[in-house]
Structure formats: structure tokens, C-alpha cells
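A.B. asks: sequence plus the predicted model coming up.
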Amino acid sequence: MANQGVEQKLQAMRNRFGESLAERLTDIEKSWADACAGNSEAQKIFHRQAHSLAGTGATFGFEEVSDAARALERAVDAAGGVQKIAASGAITARMAELGSVISNIGERRTTDLDGYFL
């Protein structure tokens, strides 16, 4: 019985994480735009957000999100400085991929009668 309570709590945490994905994407997009505008602090935030999303996505079983965020993190690492972030086609492609993954999860969530993402 105790395991069932733990599983329910974990599922609630997964659900909350899934519900937060669109907002997280918006935050990452803002940091990206700020980094492209030359804000070096935003570049650090952008990288940290991608790294964090990769880790938490894996923790909560959102492997597609984790993989897309990790690919974004690698693209940011490879780009280097702020000017290169703005010109990086790889980052643009990884952002589009992350957006698509999160959008698809949102669509699946609205059609899932149990409220479960997995």
C-alpha cells in the first residue's frame, strides 16, 4: 500500500512537470532571444535551462524532452560566444525540435483520459 502512495505522488510530480513544459519552453526562447541580442548573462541562463530540462526530463520519464534538450545544450556548447549563438543554425534547429517535442506532448496530454503522460 505504501508503494501505491509513492507511485501516486510520483505521477502527480510527472503531471506537474508535463504541465510546466510550455512555460519552460517560453523561458528558454526568451533567454535564447536575449543571448542572440548580445546578452552574455542570458547565454549562461540559456545553457543552464537546456541542461536543467535535459536532466529533469529524464528524471520524470520524458525521454523525448530530455534528448531534445540535451541536443540543444550540446549545440549551445559548440556555438561558443554570444555572436555565434545568434548565427548558429544548429541551435535554431534544436530549438525547433524541442518546441515540436513539447507541442506533441501537450497534444497527447489533452487526449489522455487518465491524465498520465507515460
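C.D. replies: Perfect, I can see it now. Small disclaimer: the values here were computed from a predicted structure and weren't measured.
A.B. asks: contacts, neighbours, all on C-alpha from now
C.D. replies: Noted.
A.B. asks: tell me the buried residues in the least confident helix or strand in the chain by mean pLDDT?
C.D. replies: With mean pLDDT, DSSP states H and E as the measure, the helix or strand of the chain carrying the lowest mean pLDDT is helix 82-87 (a mean of 83). The neighbour-count check on helix 82-87 (16 or more other C-alpha atoms under 10 Å) flags 82, 84, 85, 86 as buried.
A.B. asks: what segments of the protein are strands?
C.D. replies: Ranges of strands within the chain: none, based on DSSP state E.
A.B. asks: tell me where it has helices.
C.D. replies: 2-36, 40-59, 63-79, 82-87, 89-111 (DSSP state H).
A.B. asks: rank those helices by pLDDT, which is bottom?
C.D. replies: Set side by side, these give their lowest mean pLDDT on helix 82-87, at a mean of 83.
A.B. asks: and the gap between residue 18 and residue 79?
C.D. replies: In this structure, residue 18 and residue 79 are 29 Å apart, going by C-alpha to C-alpha, to the nearest Å.
A.B. asks: give me the more crowded residue out of these two.
C.D. replies: Taking other C-alpha atoms under 10 Å, residue 18 and residue 79 do not tie; residue 18 has more neighbours (21 against 18).
A.B. asks: and that one, how far from residue 100?
C.D. replies: Taken as C-alpha to C-alpha, the span from residue 18 to residue 100 is 14 Å.
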